[in-house]
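Colleague: build me a model from this:
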Amino acid sequence: MQVTATLIQYYFFCHRQLWLHANDVRMEDGFHSVEEGNLIQDKSYSQRSSKYEEVQIGPIKIDFFDAKNKIVHEIKKSSKARLTYHWQVKYYIYILEQHGIEGVTGIIEYPKERKKEEILLTEPDRERIKELLVEIPQIFNNDNCPVVLNKPKCKNCSYYDFCYTNE
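Modeller: Take a look at the predicted model:
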C-alpha cells in the first residue's frame, strides 16, 4: 500500500485509525461527521468544480487545484484537527513538487468558521515527510493494531464503536 494524504492525516490523529484504515477496516462511509464535511465541501463552494481541477497522482487525489496560481484548496468543516489538515496539504504540495510542479502553496478553508489558513511547505517539512514515508508503512505493516488512545477526541471518531465495543 502506498502512503496517501488520508494516512498522513491519520498518522497525526491516531495510529490505530491509520492501521485500521490501511488494513481495509473502513468506518468513514456514512459516518455523520464525514457526511457533514462532504456536504459543507459540496455546498460552500459549488462553483469550484468548474473553476479548479481535480488532480490525481497515483493514490493521491486533490479535489481542488488552481493550476494557474498553483494553489491547493482544501475545505474542512472545523479547525479542530488543524495539524492533521496542515500535513495533508503539505503532503499534496510535496507530491506536486515530486512531479515537477514548483511554487505550489495551499489554502485550507473553514466555511463554518469563516477562516482561511495559508499553507507553505518548508525544507524541514520536506524532511519530515520523508520520515513519514518510512514511519507510516511501519505502522500499517505491523501485525498488531495499535492500542486505543482513550482521549476525548475519540468520541467523535468514525472508529469509536469499533474501538470501544467490548466483545
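Colleague: Leu121 - nearest residue in space that isn't next to it in sequence?
Modeller: Ile93 (4.4 Å; Cβ to Cβ, 6 or more residues apart in numbering). Every C-beta, even on glycine, is put in place using the N, C-alpha and C of the backbone.
Colleague: a helix runs through the one you found, doesn't it?
Modeller: Yes - applying DSSP: H, G, I helix; E, B strand; the rest coil, one finds Ile93 inside a helix.
Colleague: from what I can see it touches Thr105, true?
Modeller: Yes - between Ile93 and Thr105 there is a contact under Cβ atoms under 8 Å: 7.2 Å.
Colleague: who has more neighbours, those two?
Modeller: Ile93 (24 against 15; other Cβ atoms under 10 Å).
Colleague: against Ala81, how distant is the more buried one?
Modeller: 19 Å (Cβ to Cβ, to the nearest Å).
Colleague: hey, which helix or strand in the protein has the poorest pLDDT?
Modeller: Scoring the helices and strands of the chain by mean pLDDT, DSSP states H and E places helix 32-44 at the bottom, with a mean of 48.
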